[in-house]
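*Asks:* A predicted structure for the sequence below; I have some questions about it.
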Amino acid sequence: MGAYLDLAYVVAAVLFILGLKLLGRADSARRGNMLSALGMLIAVVATLLAGDMSWVWVAVGLGAGALIGTLAARLVQMTAMPEMVALFNGSGGLASMGVAAAEWVQDPQRGLGTAAAIAAAAIVGAVAASGSVVAWGKLSETLPGRPIRIPGQQFVTITLAAVGLAAAAWFAVDPTGTYAPWLLIGFSVIALLLGVLLVMPIGGADMPIVVSLLNAYSGLAASMAGFVLGNSALVVAGSLVGASGFILTNIMCKAMNRSLTNVLFGGFGGAPVSSGAEITGEVKPISAEDAYYILEAASNVVVVPGYGMAVAQAQHVVRELAEMLEKNGCEVRYAIHPVAGRMPGHMNVLLAEANVPYEQLVEPGDVNPTMEMVDVAIVIGANDVVNPAAREDSSSPLYGMPIINVDEARTTFVLKRSMNPGFSGVQNPLFFKPNTRMLFGDGKAMVSQLVSEFKDALGE
């Protein structure tokens with residue numbers, strides 16, 4: 001049976017790697033997801049067949065998990081997807097923490113390496129669990145999105161980390177000692193507190209980085225749990241999740257002009273948000289009818305989606321507008337900022353749901369050099385990722401963050417409900433630029449009006 005189990009794990013690992021590669025492109029992401037799911041199914045079935053366990057509890061666990069997952073997939077709105085992903089990350093961390101603790105309770109007679117893996121799984125899993133709950137709170141606006149710090153935040157965090165690591169080291173050296181149970185409980189509780197302290201001082205606008213980082217933590221915890229169980233498939237799966245999460249975190253940091261070191265130690269996003277330099281100028285509203293005449297004459301349009309598009313559920317009418325523009329002989333592209341939305345890839349998922357061709361999606365580095373030749377840039381629900389203050393105002397909290405330079409287009413339409421700033425709370429001088437026109441109202445309703453104008457003109 002051991003040979004068949006190892007073969008199943010090898011097949012599962014290959015499927016994980018192939019699935020991860022396919023997930024790198026929107027047009028192959030579904031196949032990648034299916035391959036990865038198949039790999040996990042093979043690994044789970046092989047483990048269950050090889051293990052000596054109570055099938056009643058296995059059935060209960062599988063049934064409960066399948067029910068929760070199905071309901072989440074069916075009932076959770078796309079706008080709530082970032083919060084759900086955060087909770088899933090936390091669930092993975094909590095599961096790894098529980099597995100590690102249960103293994104020690106079942107058999108405290110562990111060597112130094114296994115005991116250290118138990119401690120690592122418990123600590124990293126606990127940080128991922130509590131940090132994910134805080135991230136969920138900020139994303140869902142159950143908690144304030146602004147950075148929240150306590151007096152002496154860094155001192156408290158460093159002290160708790162030092163005490164927790166010391167307790168974990170003691171536990172690893174003497175896992176059968178009198179104090180071992182209390183040490184395990186102690187550093188687990190400390191890790192839960194650290195997860196809260198590390199995420200609370202991070203501003204809501206930086207949540208995409210936090211989500212990817214917590215994803216990496218949950219993968220790392222799963223890998224450590226795999227070492228504890230002696231399960232190579234779990235080690236491989238956890239390592240892949242952890243490595244890809246850290247790579248994605250690094251990409252997010254570059255997109256936000258953040259330091260990975262500061263992210264790891266919870267030091268970014270904690271400074272008080274200032275409004276930067278005073279913004280002067282005149283806001284120029286425009287009607288959908290007038291916007292149509294400008295779009296009707298355009299030969300090159302760039303659409304920049306943001307979280308507001310997700311809230312308005314406007315992705316389908318945006319694709320319909322693009323089709324109308326293309327029928328009119330216009331080239332349409334979608335400029336996707338890496339941190340648009342509230343989780344990595346949020347806009348890509350929305351546009352894929354609306355069947356937007358993958359070839360029309362471009363990154364800021366691809367579109368910015370030619371932005372001056374763009375006739376119309378349409379900003380739908382995005383704010384911070386198009387804020388010129390990141391490029392022009394050294395006093396702005398966003399200064400240095402790479403943005404999409406829509407202010408350089410010949411005409412820029414901004415679809416917003418009001419003049420309120422974005423998730424970061426920073427005012428946007430784009431709204432006052434001479435080439436900017438504001439389309440105030442619900443994003444879906446305004447785009448639908450533009451589509452109606454085109455249909456009337458085309459006789460559809």
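*Replies:* On my side now, so go ahead.
*Asks:* Show me the shaky parts of this structure.
*Replies:* 1, 26, 78-79, 204-205, 258, 260, 262-281, 421-425, 458-460 (pLDDT under 70).
*Asks:* Tell me the secondary structure at the residue positioned nearest the centre of it.
*Replies:* By CA atoms, centre = their mean, the mean C-alpha position of the chain lies nearest to M343, the distance being 2.5 Å. When classified by DSSP: H, G, I helix; E, B strand; the rest coil, M343 comes out as coil.
*Asks:* cool, E359 as well?
*Replies:* Of the three states, E359 takes helix according to three-state DSSP.
*Asks:* quick one: it from W104, how far?
*Replies:* Distance, E359 to W104, by CB to CB, to the nearest Å: 52 Å. Yep, even glycine has a C-beta here, placed from its N, CA and C like the rest.
*Asks:* now M207
*Replies:* Using CB to CB, M207 is found at 34 Å from W104.
*Asks:* L94 now?
*Replies:* Counting by CB to CB, the gap from L94 to W104 is 16 Å.
*Asks:* Compare these two and say which is more crowded by neighbours.
*Replies:* W104 (24 against 20; other CB atoms under 10 Å).
*Asks:* Find the helix or strand that V189 is a member of.
*Replies:* Assigned by DSSP states H and E, V189 falls within helix 180-199.
*Asks:* what's the answer for V302, then?
*Replies:* V302 belongs to strand 300-305, assigned by DSSP H and E.
*Asks:* got a list of contacts for that strand?
*Replies:* Identification of contacts with strand 300-305 by CB atoms under 8 Å, 6 or more residues apart in numbering yields 295, 315, 318, 322, 325, 330-337, 340, 347, 350-351, 367, 371, 373-382, 385-386, 404, 406, 409.
*Asks:* Can you list which of the residues you listed are found in strands?
*Replies:* Of the positions in these, 331-335, 376-380 sit in strands, assigned by DSSP state E.
*Asks:* Which residue ranges make up the domains of the chain?
*Replies:* 1-75, 84-272, 288-458 (automatic domain parsing).
*Asks:* L439: what's it in contact with?
*Replies:* 285-286, 288, 291, 413-416, 446.
*Asks:* Against R30, how distant is it?
*Replies:* From L439 to R30 the distance is 33 Å (CB to CB).
*Asks:* What of A298?
*Replies:* As judged by CB to CB, A298 and R30 stand 33 Å apart.
*Asks:* Settle it for me: which of these two has more neighbours?
*Replies:* A298 (19 against 12).
*Asks:* For that one, which three-state class applies?
*Replies:* coil.
*Asks:* Quick check: closest non-adjacent residue to it.
*Replies:* Among residues not flanking A298 along the chain, D375 sits closest, at 3.8 Å (CB to CB, 6 or more residues apart in numbering).
*Asks:* That neighbour touches R410, doesn't it?
*Replies:* Yes. Between D375 and R410 a contact is recorded at 5.3 Å, counting by CB atoms under 8 Å.
*Asks:* Stretch 167-174: which residues count as buried?
*Replies:* 167-168, 170-172 (16 or more other CB atoms under 10 Å).
*Asks:* Can you give me the distance of P181 to F171?
*Replies:* Distance from P181 to F171, by CB to CB: 9 Å.
*Asks:* ugh, wrong one, I meant G219
*Replies:* 23 Å.
*Asks:* hang on, the earlier thing: residues contacting the residue nearest to the residue nearest to the centre of the chain when sequence neighbours are not counted?
*Replies:* In this structure, M343 finds its nearest non-sequential neighbour in P82, 3.8 Å apart by CB to CB, 6+ apart. Applying CB under 8 Å, 6+ apart to P82 gives the contacts 139, 207, 211, 341-343, 346.
*Asks:* Turn the residues you listed into JSON lines, columns for distance to I158.
*Replies:* Formatted as JSON lines, the contacts of P82 follow (distance: CB to CB, whole Å):
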{"residue": "L139", "distance to I158": "27"}
{"residue": "M207", "distance to I158": "24"}
{"residue": "V211", "distance to I158": "25"}
{"residue": "G341", "distance to I158": "33"}
{"residue": "R342", "distance to I158": "29"}
{"residue": "M343", "distance to I158": "29"}
{"residue": "H346", "distance to I158": "33"}
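*Asks:* so which of the residues you listed is the most crowded?
*Replies:* G341 (30 neighbours).
*Asks:* for that residue, phi and psi?
*Replies:* phi 90, psi -160 (degrees, to the nearest 10).
*Asks:* now swap in P108 and tell me
*Replies:* According to degrees, to the nearest 10, P108 has phi -70, psi -20.
*Asks:* which residues sit in contact with it?
*Replies:* 175-176, 180.
*Asks:* any idea how far it is from A180?
*Replies:* 7 Å.
*Asks:* now swap in V317 and tell me
*Replies:* Distance of V317 to A180, given as CB to CB: 60 Å.
*Asks:* Repeat that for V11.
*Replies:* For V11 relative to A180 (CB to CB), the value is 38 Å.
*Asks:* More neighbours: which of the two?
*Replies:* Applying other CB under 10 Å to V11 and A180 shows that A180 carries more neighbours, namely 19 against 16.
*Asks:* Angles on the backbone of the nearest residue to G2 once chain neighbours are set aside, please.
*Replies:* In this structure, G2 finds its nearest non-sequential neighbour in A50, 7.7 Å apart by CB to CB, 6+ apart. Main-chain dihedrals, A50, degrees, to the nearest 10: phi -90, psi -20.
*Asks:* A50 reaches A3, doesn't it?
*Replies:* No. The criterion here is CB under 8 Å, and A50 misses it with A3 at 10.8 Å.
*Asks:* who has more neighbours, those two?
*Replies:* Counted by other CB under 10 Å, A50 and A3 do not tie: A50 has more neighbours, with 15 against 7.
*Asks:* helices and strands around whichever helix in the chain runs longest, which ones?
*Replies:* Longest helix in the chain by number of residues (criterion: DSSP state H): helix 112-139. Helices and strands touching helix 112-139, by 3 or more CB pairs under 8 Å, 6 or more residues apart in numbering; DSSP states H and E, are helix 81-106, helix 153-173, helix 180-199, helix 207-229.
*Asks:* any chance of those in JSON lines, plus distance to D393?
*Replies:* Output for these, formatted as JSON lines (distance: least, CB to CB, whole Å):
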{"stretch": "helix 81-106", "distance to D393": "28"}
{"stretch": "helix 153-173", "distance to D393": "27"}
{"stretch": "helix 180-199", "distance to D393": "28"}
{"stretch": "helix 207-229", "distance to D393": "22"}
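*Asks:* Cheers, nothing more for now.
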